[in-house]
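Chemist: structure of the sequence below:
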Amino acid sequence: MTQVPRWKDDFPIGWVDDHFVTRREFAKSLAWVSCASFVATAALAARGTLRRAEGPWPPRKVADWDELPIGGSKLFDDPGLLGPCILVRLDSERYAAFSQKCTHLGCPVLYEARQRKLHCPCHEGYFSVEDGSVLAGPPPRPLPRLELERRGAELWAVGVRA
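Modeler: Modelled structure (predicted):
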């Protein structure tokens, strides 16, 4: 008498259904999924390129001129392309503003006043507070920088540097 393995009770598959999906059918479905993934990625890339090419960047007030102490920082939101941003007062006459998203995996970048660096705590990436260039870590590109302009007693973001 032959004993039936226990797994056959838990996973009852009839021999008729055993050849339902052939290797060829599986490979075809895998190829279709790969093509669909490629098309979706290309569409998202094209959409991002078109969004960047849309007209001039609308100016936005980000702070009052004397709102931050020297070495201070402020977070603000750009509802356009950049999303969350960080503003840093470098000295009495200079400010710098960058996207707060790390160019490695999009973690939030924070300002470290003691070191005068922008720090991504997720993977220990560091950026220059002067120009947003990569100083250390895995980020592949500098942070996108906002163009700032003083208008009387206000500080305005008027564009994005590439």
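Chemist: so where's the chain uncertain?
Modeler: Within the chain, the segments meeting pLDDT under 70 span 1, 13-20, 48-57, 79-81, 162.
Chemist: which residues are in contact with the most centrally placed residue in it?
Modeler: Nearest to the mean C-alpha position of the chain, by Cα atoms, centre = their mean, lies G106 at 3.5 Å. By Cβ atoms under 8 Å, 6 or more residues apart in numbering, the contact list for G106 is empty. All C-beta atoms are positioned from the backbone trio N, CA, C, and that covers glycine.
Chemist: surely Y111 is in a strand?
Modeler: Yes. Under DSSP: H, G, I helix; E, B strand; the rest coil, Y111 sits within a strand.
Chemist: residues near it, how many?
Modeler: By other Cβ atoms under 10 Å, 22 other residues sit near Y111.
Chemist: pretty sure it is touching L118, no?
Modeler: Yes. Counting by Cβ atoms under 8 Å, Y111 touches L118, with 5.8 Å between them.
Chemist: between those two, which contacts overlap?
Modeler: Common contact partners of Y111 and L118 (Cβ under 8 Å, 6+ apart): 86, 88, 129.
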